[in-house]
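Peer 1: Sequence first, predicted coordinates after that:
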Amino acid sequence: MQFIFIPYGTMPIIVAVPPGRSDSKQRFCPSRGLADDPFAKQKEMDDANFGAERIKDEAILVARILLVVLFVVFGWGKLTNYSGTVGYMAQLNLPTPSVTALVVIAVEVFVALAIAFGAWTRPLVLLLALYTLGTALIGHHFWTMEGAARNGNAINFYKNISIIGGLLLLYVTGAGRYSVDSRLGRATTYQVSPRLP
């Protein structure tokens, strides 16, 4: 009889291994005793999620950038045509159009760029999600329109809803390794951990 030391969660366990059984590819499971290699289970999970765990940080970086491209492009247009932006805010009957235009530009350019770089990602994606919902309700209220305007605004409304979904996923995953948050020790990326039987 051979005894092996196995770390199990936060509690080390000493297990008696019957003769003829190798401990190199076994682990201890309280309900089943010795079981298969945990690395085999991890490989099975990697196969099940199509290798996403291996490229998750790169995918999160690309997702951050793609999620904010729309905001930066149109926010830059608003910044470089500030008087036109103020006029548009007045046309929407928003209070103090000049101040509202500054808020819109700040969110669409500076908040979006901060998310692209992965700085203060979680609070800023929530802010951007709320902003996106607000713009959907204020700027794309298709239910009050008719004809082509209704159709075009319905498309933009639901695009905003889809963007909110992506922002909420980014809130859950965090900024990933390639981010300012990670450099400053603020990033914790969501990980799928295998459930051991």
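Peer 2: Yep, that arrived.

Peer 1: residues contacting the residue nearest to the spatial centre of the chain?
Peer 2: By CA atoms, centre = their mean, the chain has its centre lying nearest to Leu170, at 1.2 Å. When contacts are counted by CB atoms under 8 Å, 6 or more residues apart in numbering, Leu170 touches 60, 63-64, 67, 115, 121, 125. From N, CA and C alone the C-beta is placed, and that goes for glycine too.

Peer 1: Which stretches in the chain count as strands?
Peer 2: Counting by DSSP state E, the chain has strands at residues 2-8, 11-17, 27-29, 33-35.

Peer 1: any idea of the mean pLDDT in the first one?
Peer 2: So the one you mean is strand 2-8. Averaging pLDDT along strand 2-8 yields 61.

Peer 1: can you check the second one too?
Peer 2: Taken as a whole, strand 11-17 has a mean pLDDT of 62.

Peer 1: Of the contacts of Leu170, which belong to helices?
Peer 2: Using DSSP state H, the members of the contacts of Leu170 that fall in helices are 60, 63-64, 67, 115, 121, 125.

Peer 1: Who are the contact partners of the closest residue to Val68 other than its chain neighbours?
Peer 2: Leaving aside its sequence neighbours, Val68 sits nearest to Ala112 (CB to CB, 6 or more residues apart in numbering; 3.9 Å). Going by CB under 8 Å, 6+ apart, Ala112 touches 68, 71-72, 75, 128.

Peer 1: Since that was my last question, I'll sign off now.
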